[in-house]
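Undergrad: need the 3D shape of this:
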Amino acid sequence: MNGAISLLLAAAAGPAPAALPDIEIAARVKAREVRIRQQGRASAEVRIEPEAAKQVQVDRNLPKGQSSYRNLDLTLKVKGRLADPLTLSTDVPRTGD
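TA: The predicted structure is shown next:
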């Protein structure tokens with residue numbers, strides 16, 4: 001019966017709040033003028049080791065696809081959670097022991 005009461009209390013409390021990220025980086029770039037000389041895909045790489053859940057968000061104040069921009073404002077936000085060390089594989093070879 002105590003287990004049933006615990007379940008009812010947990011359900012009444014609602015969902016657990018989202019866990020805060022282990023890593024959070026925010027960068028903002030304000031450029032007076034940007035000229036694009038070669039069209040193509042722009043990319044940014046974010047690595048969180050060991051590989052874990054991550055979110056990358058890029059916001060800009062002007063639409064994509066132009067060859068020049070004035071007063072461009074870019075914001076990059078990266079959030080990540082590290083893997084639980086207890087669930088990582090222990091089969092990694094070690095050196096120096």
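
Undergrad: how close does the residue nearest to Ala44 when sequence neighbours are not counted get to Pro21?
TA: Nearest residue to Ala44, sequence neighbours excluded (C-beta to C-beta, 6 or more residues apart in numbering): Leu76, at 6.7 Å. C-beta here means a position set from N, CA and C on the backbone, and glycine is covered the same way. Computed as C-beta to C-beta, to the nearest Å, the Leu76 to Pro21 distance reads 15 Å.

Undergrad: hey, where'd the helices end up in the chain?
TA: Under the criterion DSSP state H, the chain contains helices at 2-13.

Undergrad: where in it is pLDDT low?
TA: 1-18, 48-53, 83-97 (pLDDT under 70).

Undergrad: which ones are touching the residue nearest to Ala44?
TA: Ile25, Ala26, Ala27, Arg28, Val29, Ala44, Val56, Gln57, Val58 (C-beta atoms under 8 Å, 6 or more residues apart in numbering).

Undergrad: closest to Arg70 out of these?
TA: Val29 (14.0 Å; C-beta to C-beta).

Undergrad: around the residue nearest to the closest one when sequence neighbours are not counted, how many other residues sit close by?
TA: What sits nearest to Val29 in space, not counting adjacent residues and going by C-beta to C-beta, 6+ apart, is Leu74, at 4.5 Å. Using other C-beta atoms under 10 Å, Leu74 has 16 other residues around it.
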